[in-house]
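Trainee: okay, here's the prediction I keep looking at, along with the sequence it came from:
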Amino acid sequence: MSKPLVAIVGRPNVGKSTLFNRIIGYRLAIIEDQVGVTRDRMYAEAEWNGVEFAIVDTGGIIFENEDNPIIKSVTEQAQAAVDEADVIIFCVDAKSGIHPLDYEVAEKLRFCGKPVVVAANKADNAIREWDSAEFYELGFDNIVPISALNGRCVADLLDEAINAVPEGNMNPFPEDYIKLAVVGRPNVGKSSMINAIAGKDRVIVSDIAGTTRDAVDTVIDWKDGQKLVFVDTAGIRKSGKVQGSLEYYMVLRAIRAMERSDVAMIIIDGDQGLRDGDKRVAGFAHESGRACMIVVNKWDLCGEISTQQFAEQIRKDLPFMSYAPIVFTSALTKKGIAPAIDKAIKITQNHSMRVSTGELNKIFQDAIDDHPYSRKGKDLRIKYATMVDVKPPKIVITVNHVELAHFSYRRYLENRLRQVYPYEGTPIKLIFKQGKKDRKN
């Protein structure tokens, strides 16, 4: 099931970015006391009362001077977030009261067909909390006075937002269907790849970058009755080159498509080589926690460079994706297509593979015995390790001194696990936890 999406919208300078940062728990959005600072939507994942959700911070909705290209772009971006969201948090300013722009924003939101929770921000005392009742004039029943700056009543706001999420499974396909998100820069051959696999034109193919404006699910019968669902996402462009709501909508849809998939197939144009945009797409895929593979398309156009040389360059430029297999294909000639799909199915199995607690403890204990780690007279010892989740595999390791779990040693332990179990294509999350102190520590 895809995570529900919550969008924070409102006129400029009402504290949307402060609220965004308060909800996700760290400073991500740029905060400055100046109208129009947040020009790009910011996206992050959050959790409240056991419910995971995605949240988007938007630039302020402005209806004045819409001929200004920056103001127009900010407004369009906010509208795109509203279109995609499951719940809207409408942020207003309890300190200054209702502004004429609030009425205009409210008019837009009343017809969006989405649940709306009004966050009366800057209500940092009882008087402002009482005065927030005036926002009922905007026509919404759910008004929550909050202070994003000090966290007052933000928990109540999140309760209301999560309760407003529409019920229903957002993933209509059975569990045994393997879901593959086809992601990449515009015009790298994503749609052509799906058409080559399906054997007929199922999605629009064009030489114009950005032709695919929506995520289109394509169901394909594969070998041995295996059902595959391909999600063709619109191309992700570099932030500085994104213009208008359409491109921002593409990025958001691509991210959400990866969330509800089993495997992210990162398509790279072999003729152009690895670009900054490819790295950005790979970063999104890695952060999503999905199984990942890198598909080098248009390999028929690459003459002199070998697959080994190209793969080595990818490994060098994408060190955080060392676990992802690299395959070489041509959607035009269909060469390498079948092996690529077989590889995707295999890494899907790896993504959900669970290792027993006893086996995990043996692997990690052997690793420490072979290469002990100590610092300042303290030896790192593992008390207990267990896999608490899959898709991706998540392992909690309780140790005697959590500060000794250096990044390099974490990587060493991960590699020892990968030597025993075929976790090709899937990230592994190692979470180190401080154990209770005892005399041996």
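Mentor: Great, that's in hand.
Trainee: which element is E414 on?
Mentor: Taking DSSP states H and E as the criterion, E414 maps to helix 407-420.
Trainee: return the set of buried residues in that helix.
Mentor: Judged by neighbour count using 16 or more other CB atoms under 10 Å, the buried positions of helix 407-420 are Y409, L413, E414, R416, L417. For glycine as for every other residue, the C-beta is placed from the backbone atoms N, C-alpha and C.
Trainee: ok, now which ones touch the second one?
Mentor: When contacts are counted by CB atoms under 8 Å, 6 or more residues apart in numbering, L413 is found next to F364, A367, I397, L430.
Trainee: using the three-state scheme, assign the second one.
Mentor: Taken by DSSP: H, G, I helix; E, B strand; the rest coil, the conformation at A367 corresponds to helix.
Trainee: what's around it, how many residues?
Mentor: By other CB atoms under 10 Å, 21 other residues sit near A367.
Trainee: how far away is it from R410?
Mentor: According to CB to CB, to the nearest Å, A367 stands 11 Å off from R410.
Trainee: re earlier: going along the chain from the helix holding E414, find the next helix or strand for me.
Mentor: Going down the chain from helix 407-420, the next helix or strand is strand 429-434, by DSSP H and E.
Trainee: that next one pairs with which strands, and in what direction?
Mentor: In the sheet, strand 429-434 lines up against strand 394-399 (parallel) (DSSP bridges).
Trainee: got a list of contacts for the partner strand?
Mentor: Strand 394-399 is contacted from outside by 360, 364, 380-388, 405, 413, 417, 428-435, using CB under 8 Å, 6+ apart.
Trainee: ok so, going back, any chance of JSON lines for the buried residues of helix 407-420, columns distance to D262 and pLDDT?
Mentor: JSON lines is the format used below for the buried residues of helix 407-420 (distance: CB to CB, whole Å; pLDDT from 0 to 100):
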{"residue": "Y409", "distance to D262": "30", "pLDDT": "90"}
{"residue": "L413", "distance to D262": "26", "pLDDT": "94"}
{"residue": "E414", "distance to D262": "21", "pLDDT": "93"}
{"residue": "R416", "distance to D262": "26", "pLDDT": "94"}
{"residue": "L417", "distance to D262": "21", "pLDDT": "96"}
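Trainee: rebuild the residues you listed as a markdown table, extending it with distance to E175.
Mentor: Listed next are the buried residues of helix 407-420 as a markdown table, based on distance: CB to CB, whole Å:
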| residue | distance to E175 |
| --- | --- |
| Y409 | 36 |
| L413 | 31 |
| E414 | 28 |
| R416 | 31 |
| L417 | 26 |
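Trainee: count of neighbours near T357?
Mentor: Neighbour number of T357 under other CB under 10 Å is 13.
Trainee: tell me which element the closest residue to it other than its chain neighbours falls in.
Mentor: Nearest residue to T357, sequence neighbours excluded (CB to CB, 6 or more residues apart in numbering): T386, at 4.7 Å. Using DSSP H and E, T386 sits in strand 382-389.
Trainee: that strand packs against which elements?
Mentor: When contacts are defined as 3 or more CB pairs under 8 Å, 6 or more residues apart in numbering; DSSP states H and E, strand 382-389 sits against helix 357-370, strand 394-399.
Trainee: tabulate the ones you listed (CSV), appending distance to D276 and mean pLDDT.
Mentor: Formatted as CSV, the helices and strands packed on strand 382-389 follow (distance: least, CB to CB, whole Å; pLDDT from 0 to 100):
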stretch, distance to D276, mean pLDDT
helix 357-370, 36, 94
strand 394-399, 30, 94
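Trainee: need these in TSV (columns: distance to E137).
Mentor: Shown next, in TSV, are the helices and strands packed on strand 382-389 (distance: least, CB to CB, whole Å):
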stretch	distance to E137
helix 357-370	58
strand 394-399	47
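Trainee: who does the residue nearest to N142 when sequence neighbours are not counted bridge with?
Mentor: Distance criterion CB to CB, 6+ apart; nearest residue to N142, sequence neighbours excluded, is V117 at 4.8 Å. With DSSP bridges as the criterion, V117 is bridged to I89.
Trainee: so V117 touches L157, yeah?
Mentor: Yes. Proximity of V117 to L157 meets the contact threshold set by CB atoms under 8 Å, at 6.7 Å.
Trainee: show me where pLDDT drops low in the stretch 51-200 of the chain?
Mentor: Within the stretch 51-200 of the chain, the stretches with pLDDT under 70 are 59-78, 80-81, 168-172, 200.
Trainee: one more time with 50
Mentor: Applying pLDDT under 50 to the stretch 51-200 of the chain flags residues 70, 169.
Trainee: can you give me the strands for it?
Mentor: With DSSP state E, counting those that start in this stretch applied, the stretch 51-200 of the chain shows strands at 51-57, 87-93, 116-121, 143-145, 178-184, listed in chain order.
Trainee: dump those strands to TSV, plus mean neighbour count.
Mentor: Shown next, in TSV, are the strands of the stretch 51-200 of the chain (neighbours: other CB atoms under 10 Å):
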stretch	mean neighbour count
strand 51-57	20
strand 87-93	26
strand 116-121	27
strand 143-145	22
strand 178-184	26
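Trainee: contacts only, for the residue nearest to N142.
Mentor: Listed by CB under 8 Å, 6+ apart, the contact set of V117 reads V87, I88, I89, F90, F140, N142, V144, L157, E160, A161, A164.
Trainee: can you list those in a markdown table and add distance to F230?
Mentor: Formatted as a markdown table, the contacts of V117 follow (distance: CB to CB, whole Å):
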| residue | distance to F230 |
| --- | --- |
| V87 | 29 |
| I88 | 31 |
| I89 | 33 |
| F90 | 36 |
| F140 | 39 |
| N142 | 39 |
| V144 | 41 |
| L157 | 38 |
| E160 | 37 |
| A161 | 32 |
| A164 | 32 |
